[in-house]
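In: Please find the sequence and the predicted model below.
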Amino acid sequence: MDLPFSFRPRLLSALRGYDRIRFVQDLGAGLTVAVVALPLAMAFAIGSGLKPEAGLFTSIIAGFLVALLGGSRVQIGGPAGAFIVIVYDIVQQYGVANLIIATALSGVLLFVMGLLRLGTLVRFIPVAVIIGFTNGIAVLIALSQVKDFLGLAIPEMPGDFFGILGALGSHLSSFNPWAAGVAVASLALIVAWQRWLPKWGGPRAAPLARVPGSIVALVLATAAVALFGLPVETIGSRFGGIPAALPDFTLPAFSWESARYLLMPTITLALLGAIESLLCARVADGMIGDRHDPNQELMAQGIANFATPFFGGMPATGTIARTVTNVKSGATSPIAGMTHAVVLLLVILVAAPLASSIPLATLAAILMFVAWNMGEWREFARLKTYRLPYRVTLLSVFLLTVVFDLTVAVQFGIFAACLTFIYRISSLSRAERLTPAEQPALAGLEAQVAVWRLYGTVFFGATKLVESLEDHLPARALVLDLKNVIYVDSTGAEALESLSRACEARGVRLMVSGLLGQPLDIVRRVGLYQRLLGDLRPDVAGATAAAVALARGERQDS
């Protein structure tokens, strides 16, 4: 029996012809990605107001499920910087228990989106909206890390922009120079290691450059803090360390009352997860010359986000940094992503006690670096080359994301983009009156017969074209050439019907030519076709000839 949907993980096709050489490549790539994911997972969780193990659990469980069930050969799933602001806000307003519910519900929504084949619709979100909220999130991530970067003693960090600024300003007196020194040194090392070591070190530095700068900074900063006993807050001092085992299954108390308040956070998590995941998969496609299955990827993301929160995890999506690392490390199949999850599990089981000494200032520096790379800052400098609607949309979404929240920003951005699109499409629709130079038979009959050729689409945003014809009807006959009209919606059809009734009331004959395709179909469905049945012509020349003959005959009779 054929199913109404397709659930076919990419792993099944990727394993065809799989051999030992590819397996070794995938193992190496998975190990490399695990090294990159280790500090990022903890940093993302802490930045989101959660314990560091939440990020690690997410990388393990969601990372394994996304690779196992996803629609991309090389996608790496896990916690992402884009979720930090949203998750922190949910935790502050509703608590961790409701974060679990919201994440699980977003997983259900993601799975349904993939089930209904809505994966391709995510691509319709305008680039101005994506850049605006991405840059806004990057600013908020960096701002939220100032506390640990400077070692400020702030008991509870607010989640809103002005609250964060107020808290930072009122606690500047608690500045910890040791924490700031560790953070600045860590950030400088990360930047130098990633960007300048390959240039300065030459060929001999190439092997070292493959090691992520974040890991190098993490190891050296942890060693320095432990060796010299620096008065810097660590994972152990704030969170008590990381458990050396996976958590048990946890089922929070569920109520429809709380679910009602979590509707918008759930939708935001699902939409952001879908956008991030599918954009990441498209980037990977370009690097490996492949094409992912967006609907399968959404279903895999849905399953991962439904399962992960019940085991101490947080929202997950496709991650660009880890996916690009996976590709550059030689990954050939989802086995690499599954390997990265297994390696992280082994790290937790074996080396969890060592994480207690990791300074939070270094994790803040890592997130600062992530935020900088996450934003597309050059787009602000290029704004002057774009039209006003694009500039307004991007800047509005950016400011709303920073000052208010992502949900409001995306809603406004999509609304503004829709209005811009409607305006632009309506401006492409036009009506052109044919002259005697184009139709010689009209000479001397301009007041009696009008021939109009319509272009573009006749929809709710362009009905003014038809309404203007109704306001300036000729005395005897009106010819509409719709050959160049590609689409008519129900509002446009209603406007044409209103024009037909106006012509009938004033004794003007309405003749239509070039009615084909979708315009012909909707004219038939609304009943206008029967009204025009005797006055439909295949081309404008025939319609003009009939209208001229009618006008001359009536003029001679008078």
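Out: Received it, and whenever you're ready, just let me know what you need. Residues are numbered from 1 along each chain as shown.
In: got a list of what residue 488 touches?
Out: For residue 488, the residues meeting the contact criterion (Cβ atoms under 8 Å, 6 or more residues apart in numbering) are 457-459, 496, 518-519, 522-523. To be clear about C-beta, it is placed using only N, CA and C from the backbone, and glycine gets the same treatment.
In: of those, buried ones?
Out: 457-459, 496, 519, 522-523 (16 or more other Cβ atoms under 10 Å).
In: re earlier: closest to residue 165 among the contacts of residue 488?
Out: Comparing those against residue 165 with Cβ to Cβ picks out residue 459 as the nearest, at 45.4 Å.
In: so what's the backbone phi/psi at the closest one?
Out: Note on residue 459: backbone dihedrals following degrees, to the nearest 10 are phi -130, psi -170.
In: List the contacts of the nearest residue to it once chain neighbours are set aside.
Out: Counting by Cβ to Cβ, 6 or more residues apart in numbering, residue 459 lies nearest to residue 489, which is 4.2 Å off, once chain neighbours are set aside. Residues counted as contacts of residue 489 (Cβ under 8 Å, 6+ apart) are 457-460, 522.
In: same check, this time on residue 399
Out: Counting by Cβ under 8 Å, 6+ apart, residue 399 has contacts residue 136.
In: Now do the phi/psi pair for it.
Out: According to degrees, to the nearest 10, the main-chain angles of residue 399 amount to phi -70, psi -40.
In: Give me the pLDDT value at it.
Out: As predicted, residue 399 sits at a pLDDT of 93.
In: Could you pull out the buried residues of stretch 285-296?
Out: With burial defined by 16+ other Cβ under 10 Å, the residues of stretch 285-296 counted as buried are 285, 292-296.
In: next helix or strand past the longest strand along the chain?
Out: When every strand of the chain is counted residue by residue (DSSP state E), the longest turns out to be strand 477-488. Next helix or strand after strand 477-488 toward the C-terminus (DSSP states H and E): helix 490-505.
In: How far does that next one sit from its chain's centre?
Out: In this view, helix 490-505 has its centroid 41 Å away from the chain centroid, taken as Cα atoms, centre = their mean, to the nearest Å.
In: counting contacts, what elements does it pack onto?
Out: strand 449-458, helix 464-471, strand 509-513, helix 517-525, helix 528-531 (3 or more Cβ pairs under 8 Å, 6 or more residues apart in numbering; DSSP states H and E).
In: mind putting these in JSON lines, mean pLDDT and distance to residue 314 included?
Out: Written out in JSON lines, the entries for the helices and strands packed on helix 490-505 read as follows (pLDDT from 0 to 100; distance: least, Cβ to Cβ, whole Å):
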{"stretch": "strand 449-458", "mean pLDDT": "92", "distance to residue 314": "45"}
{"stretch": "helix 464-471", "mean pLDDT": "88", "distance to residue 314": "50"}
{"stretch": "strand 509-513", "mean pLDDT": "92", "distance to residue 314": "60"}
{"stretch": "helix 517-525", "mean pLDDT": "89", "distance to residue 314": "46"}
{"stretch": "helix 528-531", "mean pLDDT": "83", "distance to residue 314": "56"}
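In: Residue 502 and residue 473, how far apart?
Out: The span separating residue 502 from residue 473 equals 7 Å under the rule Cβ to Cβ, to the nearest Å.
In: who touches both of these two?
Out: Looking at what touches both residue 502 and residue 473 (by Cβ under 8 Å, 6+ apart), the common residues are residue 508.
In: Over to stretch 308-322 now: how far is its first residue from its last?
Out: The first and last residues of stretch 308-322 sit 19 Å apart, counting by Cα to Cα, to the nearest Å.
In: low-scoring pLDDT stretches of the stretch 101-250 of the chain, where are they?
Out: Per-residue confidence for the stretch 101-250 of the chain (pLDDT under 70) gives these ranges: 198-210.
In: hey, where'd the helices end up in it?
Out: Remark: helices of the stretch 101-250 of the chain, listed N- to C-terminal, are 127-144, 146-150, 161-170, 177-191, 197-201, 206-209, 213-228, 235-239; assignment by DSSP state H, counting those that start in this stretch.
In: Could you dump those helices into TSV with mean neighbour count and distance to residue 432 added?
Out: Formatted as TSV, the entries for these read as follows, by neighbours: other Cβ atoms under 10 Å; distance: least, Cβ to Cβ, whole Å:
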stretch	mean neighbour count	distance to residue 432
helix 127-144	22	32
helix 146-150	23	60
helix 161-170	14	51
helix 177-191	19	59
helix 197-201	13	60
helix 206-209	12	62
helix 213-228	18	62
helix 235-239	16	71
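In: export those to JSON lines and tack on distance to residue 78?
Out: Shown next, in JSON lines, are the helices of the stretch 101-250 of the chain (distance: least, Cβ to Cβ, whole Å):
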{"stretch": "helix 127-144", "distance to residue 78": "16"}
{"stretch": "helix 146-150", "distance to residue 78": "21"}
{"stretch": "helix 161-170", "distance to residue 78": "26"}
{"stretch": "helix 177-191", "distance to residue 78": "19"}
{"stretch": "helix 197-201", "distance to residue 78": "26"}
{"stretch": "helix 206-209", "distance to residue 78": "23"}
{"stretch": "helix 213-228", "distance to residue 78": "14"}
{"stretch": "helix 235-239", "distance to residue 78": "19"}
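In: between those, which one is nearest to residue 509?
Out: Counting by Cβ to Cβ, and looking across all of the helices of the stretch 101-250 of the chain, nearest comes helix 127-144 at 47.6 Å.
In: quick one, that closest one and helix 161-170 angle?
Out: Inter-element angle recorded for helix 127-144 and helix 161-170: 30 degrees (by axes from the mean of the first three to the mean of the last three Cα atoms, to 10 degrees).
In: elements contacting helix 127-144?
Out: For helix 127-144, the helices and strands in contact under the criterion 3+ Cβ pairs under 8 Å, 6+ apart are helix 84-94, helix 161-170, helix 360-374, helix 378-381, helix 388-403, helix 406-428.
In: Repeat the analysis, applying 6 Å as the threshold.
Out: In terms of contacts (3 or more Cβ pairs under 6 Å, 6 or more residues apart in numbering; DSSP states H and E), helix 127-144 is packed against helix 84-94, helix 360-374, helix 388-403, helix 406-428.
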